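Asks: Okay, sequence plus prediction incoming.
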Amino acid sequence: MLRVRHAYFKLETPWIDVLMGQTWNLMGYQPYYIPAILQFPGTVGGLFGRTPQLRVSHNFKSKAVNFEIAVAMMRGA
């Protein structure tokens, strides 16, 4: 069976970014933390995964540090 893991549309403007589709959950901006396991995504109840969503965000950029703030509507647990 063919499965879609990541499929999304992202619109970037100087003021706001809009993402719509299936990609990593907003919580923690995964997959930056992936446990050392043989089979991904791994443990039940892990804080990472993929889900359909509508996300609105803004990235504040400077020479020293970048900071991103976002909100998302996602499928329920």
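Replies: Perfect, thanks for sending it.

Asks: From Pro52, how far off is Met1?
Replies: For Met1, the distance to Pro52 equals 18 Å [C-beta to C-beta, to the nearest Å]. For glycine as for every other residue, the C-beta is placed from the backbone atoms N, C-alpha and C.

Asks: More neighbours: the two, which one.
Replies: Pro52 (14 against 2; other C-beta atoms under 10 Å).

Asks: quick one: strands adjacent to the strand or helix carrying the more buried one?
Replies: Secondary-structure element containing Pro52, defined by DSSP states H and E: strand 50-61. Sheet pairing for strand 50-61, assigned by DSSP bridges, gives strand 17-24 (antiparallel), strand 66-74 (antiparallel).

Asks: Please spell out which residues along that strand are buried.
Replies: Neighbour-count burial for strand 50-61 flags Arg50, Gln53, Arg55, Ser57 (criterion: 16 or more other C-beta atoms under 10 Å).

Asks: The third one: what's it in contact with?
Replies: Applying C-beta atoms under 8 Å, 6 or more residues apart in numbering, we find Arg55 in contact with Asp17, Val18, Leu19, Met20, Leu26, Ala70, Val71, Ala72, Met73.

Asks: Identify the residue nearest the geometric centre of this protein.
Replies: For the chain, Trp24 is the residue whose C-alpha lies nearest the centre (C-alpha atoms, centre = their mean; 3.4 Å).

Asks: wait, it sits on Ala70?
Replies: No - using C-beta atoms under 8 Å, Trp24 makes no contact with Ala70, being 11.6 Å away.
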